[in-house]
Structure formats: C-alpha cells, structure tokens
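Enquirer: just to be clear, the model below is a prediction. Sequence and coordinates:
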Amino acid sequence: MKITPLEIKHQRFKKGMRGYDIVEVETFLEMVANELEELIKENRDLKDKIIEQETQLADYKNMEKTLQQTLIQAQEASGKSIENSRKEAELIIKEAEVKASQIVEKARLDFARVKEEITQLKARKESIISKLKVLLSSELNLLKALEVEEESEKTDPSKGTGKEFLEIEEILKKL
C-alpha cells in the first residue's frame, strides 16, 4: 500500500487522555509528508533521467552497430579493391608476357628472313663474280687473240680490213 504525502498531511489520530502531543505529531507528520514528497519528486526525476540515459544508450548502441557495419563494409570494399588490383596486375603481366612473346617471335622471323636474304645476296654475289670472271676471261682471251692478229697484220698489211679494230672498240665499250 502506497502512502502519498497528501494522505500523511490529512491523517488524523484519535485523541486520548494521555496521548501524544497533537502539535508535535502534526509537525512530525508535516515533516514526513514533505520528505516523502521530495523523495517522490527525486524518484520521478531519477526515473526520467534513467529513461533519458536508456534512450542515449540505445542511440549509442545503434551508432556502434552502424559503425561496425560501416567498418565491415569498408573492410569488404578494401578486400575487393585489393583483389581487383591483384587481378588487374596479373592481367597486365599476362598481356605484357603475350606482347613480349609476340615481339620475340617477330624478331625471330625477321632474323630468319634477313638471314635468308643475306644468303641469297651472297649467292647472287658469287654468281655475278663467277659470270664476271668468265666474261673477263673470255674478253682477255679475245684481246690476246686480237693482239696476236694485229701483230700478224702489221707484218702482212694485205690480211686486215680494219674492221677488227672496230669490233674490239665496241666490246670494250660494252665492258
């Protein structure tokens, strides 16, 4: 059973012959009623404060939960970013390796082509040199023959027509 300060203030006792001093009892009841009223007010204030504190605590718990979720999301995003960066780096490396292989293969093909061209040019050179040697050798033989013939004509003027000298000049011009 709860007693309110107002009930204490209005409480009346029976009067007896040798009872308590009425003024003293009423003064005490007034003090008790005031003290009870202050306690009730303080209790109400404390309950309000508790409600306010519980509300703040709930807000802080919500903030903590939000921060934890944000942290988890940031960690996941960071992990994904690192994974994506790693994959991208691997892709770049693979592309570089493919390009390097292509460059090396092209260089090999170019080298083989140039080597083949050099071989062909050397063969052409040898062929030209051989042909020139044959041509020069035949021309030298012709010149020697003409010299021999010229000497024989000088000794015998009736044998030459002069046409032989023109043929030699034409041959020399062709060289």
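Expert: Received, thanks.
Enquirer: for the host helix or strand of residue 91, what is the average pLDDT?
Expert: Taking DSSP states H and E as the criterion, residue 91 maps to helix 22-155. Here helix 22-155 scores 91 as its mean pLDDT.
Enquirer: ok now it, how far from the chain's centre?
Expert: How far helix 22-155 lies from its chain's middle: 2 Å, per Cα atoms, centre = their mean, to the nearest Å.
Enquirer: which other helices and strands does that helix contact?
Expert: In terms of contacts (3 or more Cβ pairs under 8 Å, 6 or more residues apart in numbering; DSSP states H and E), helix 22-155 is packed against helix 5-10, helix 163-174. Just so you know, the C-beta spots here come from the backbone N, C-alpha and C atoms, and that holds for glycine as well.
Enquirer: list the buried residues in the shortest one.
Expert: If you call a residue buried by 16 or more other Cβ atoms under 10 Å, then helix 5-10 has these buried ones: 5, 8.
Enquirer: other residues contacting stretch 6-24?
Expert: Here stretch 6-24 makes contact (Cβ atoms under 8 Å, 6 or more residues apart in numbering) with 25, 29-30, 32-33, 36.
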